[in-house]
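>>> Requesting a structural model of the entry that follows:
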Amino acid sequence: MAKRERVVRMSVELPLWRALAAYRLLTMVYAVLLFAFNPGKFERPWVAAAFLAVMSLWTLATLPNVANATRCTKRFLVVDLTVALTGIMLTPLADAQAQTQDGPTLPTIWTAGSVLAFAIKGGWRWAGFASSLVAVANIIERGQPSRDTFHNVLLVWVASIAIGYVVEVARASERTLARALEIEAATRERERLARDIHDGVLQVLAMVQRRGTALGGEAEELGRMAGEQEVALRTLVSSGLVPTTRASEDASLGAVVRTVDVDDPPGGGQSHDLRSLLARHAGSKVTLSEPGAPVLLPAAAAAELGAAVSAALDNVRRHAGENAHAWILVEDWPDEVIVTVRDDGPGIPEGRLAQAEGEGRLGVALSIRGRLRDLGGSAELISVPGQGTEVELKVPRGKAVI
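Next comes the predicted model:
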């Protein structure tokens, strides 16, 4: 059973949270080892030991809180920064000479982790707030701050604000990308629905118009009304106002569900022989040349390629005349499937395709090229006035999925 396509979008923030978790853990170990190798430096080592024990327990217990933005709540940020500020203010109590020497504080560089958490969570404004509090605490702790103290304070302040700004830019870029992907998906769905309308409703209206004009009388009036509706519907399709609800695709394969089995390799899942889809076109005016072995493609891709061939043959009947002959050639290569549709009609005058697309006649643009683009393939049209038209459809096997 096919599973629905799962789109996993990794947030740009996730690597930052993981790096922060590792930073907090490593700097916690550094602060503990710094005390363990030189406990005699402290006049009150029990104060330092007690704080480092609390800091270590807090760091280990809150590792899940820095896993992502959801778990890193405002309450956690406030408590975490309070622990860091408390460690800074306790440093003179544990080490009486701390105010006269430019030694490290009790939490050492672990404090920067608290500031970085503010930066990643709330951007540069939050980072500026947290780093300012740390700066004030360091200046108070030193009593008579030296040039090195101001240097370190300024470094943390600038670095945290810069990181916060980068995070905000990354979030904005991520939102823009997500919006662009949504627009692209909606556009592709609108084009798919427009192809269905062109292949069905528009062609029927055009046929009614032609037949009504030829019959005359009341039928001519009916043909005129059908022509007006065709023009209105073409305008609606080309203007992009067609709703993007999914329509069932009724081909010889039945309803094709546009899903991908994520456990199958590219192009995997249910396969279908392309020859069976194209065989129905063969007749007195259409010659089909195909390999002797099955031409297997994913079912949805085979249906789309078959529909593109049908659109090309419709163009032959419509523009080359009722007596035109068409040839379909199917080539099955290891890395791609190529279907060529050629006719002996009068060919397409130069500039006619661009003119038709401007008038809302999107047969080639949507029914043929649009389908092949969605398959990851290409459609090339070669036409010489007086020498017929050739449409070459290429579908790479590794991308032949919908």
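>>> For W126, see how far away L313 is.
63 Å (C-beta to C-beta, to the nearest Å). The way it works is simple: take the backbone N, C-alpha and C, and place the C-beta from them, glycine included.
>>> Revised request: answer the last question for F37.
In terms of C-beta to C-beta, F37 sits 35 Å off from W126.
>>> Compare neighbour counts for the two and give me the winner.
Taking neighbours as other C-beta atoms under 10 Å, F37 and W126 compare with W126 leading, 21 against 8.
>>> What helices and strands are in contact with the strand or helix carrying the more buried one?
Using DSSP states H and E, W126 sits in helix 124-142. Using 3 or more C-beta pairs under 8 Å, 6 or more residues apart in numbering; DSSP states H and E, the elements in contact with helix 124-142 are helix 74-94, helix 110-122, helix 147-197.
>>> for the first one, which positions count as buried?
Of all the residues in helix 74-94, those buried under the rule 16 or more other C-beta atoms under 10 Å are L77, D80, L81, V83, A84, L85, G87, I88, L90, T91, P92, A94.
>>> Isn't the first one up against L116?
Looking back up the chat, that one is L77. No: counting by C-beta atoms under 8 Å, L77 does not reach L116; the two are 10.7 Å apart.
>>> pLDDT of stretch 208-221, averaged?
Averaged over stretch 208-221, pLDDT sits at 73.
>>> Between the two ends of it, what distance do you get?
10 Å (C-alpha to C-alpha, to the nearest Å).
>>> re earlier: right, and out of the buried residues of helix 74-94, which lies closest to R175?
Among the buried residues of helix 74-94, L77 lies closest to R175 (C-beta to C-beta), at 22.8 Å.
>>> Convert the strand or helix carrying F35 to CSV, retaining C-alpha atoms only.
Element membership for F35, per DSSP H and E: helix 14-36. The C-alpha trace of helix 14-36 is given here as CSV (Å, rounded to 0.1, in the frame of the first residue of the first chain):
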residue,chain,number,x,y,z
LEU,A,14,18.2,22.7,15.0
PRO,A,15,22.0,22.6,14.4
LEU,A,16,22.4,25.7,16.6
TRP,A,17,20.5,24.1,19.5
ARG,A,18,22.5,20.9,19.2
ALA,A,19,25.8,23.0,19.3
LEU,A,20,24.5,24.9,22.3
ALA,A,21,23.8,21.7,24.2
ALA,A,22,27.3,20.4,23.5
TYR,A,23,28.8,23.8,24.4
ARG,A,24,27.0,23.8,27.8
LEU,A,25,28.1,20.3,28.6
LEU,A,26,31.8,20.9,27.7
THR,A,27,32.0,24.2,29.5
MET,A,28,30.4,22.6,32.6
VAL,A,29,33.2,20.0,32.6
TYR,A,30,35.8,22.7,32.1
ALA,A,31,34.6,24.7,35.1
VAL,A,32,34.5,21.6,37.3
LEU,A,33,38.1,20.6,36.3
LEU,A,34,39.4,24.1,36.8
PHE,A,35,38.2,23.9,40.4
ALA,A,36,39.3,20.3,40.9
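>>> quick one: it to chain centroid distance?
How far helix 14-36 lies from its chain's middle: 34 Å, per C-alpha atoms, centre = their mean, to the nearest Å.
>>> residues making contact with it?
Helix 14-36 has contacts (C-beta atoms under 8 Å, 6 or more residues apart in numbering) with 42, 45, 48-49, 52, 55-56, 59-60, 63, 66-69, 72, 104, 106-110, 112-113, 116-117, 120, 167.
>>> After that helix, which helix or strand is next?
Immediately after helix 14-36, counting by DSSP H and E, sits helix 45-61.
>>> pLDDT wise, what is G363 at?
Reported pLDDT for G363: 49.
>>> My read is that I139 contacts N152, right?
No: counting by C-beta under 8 Å, I139 stays clear of N152, with 10.6 Å between them.
>>> burial count for G321?
Under the criterion other C-beta under 10 Å, the count of neighbours that G321 has is 12.
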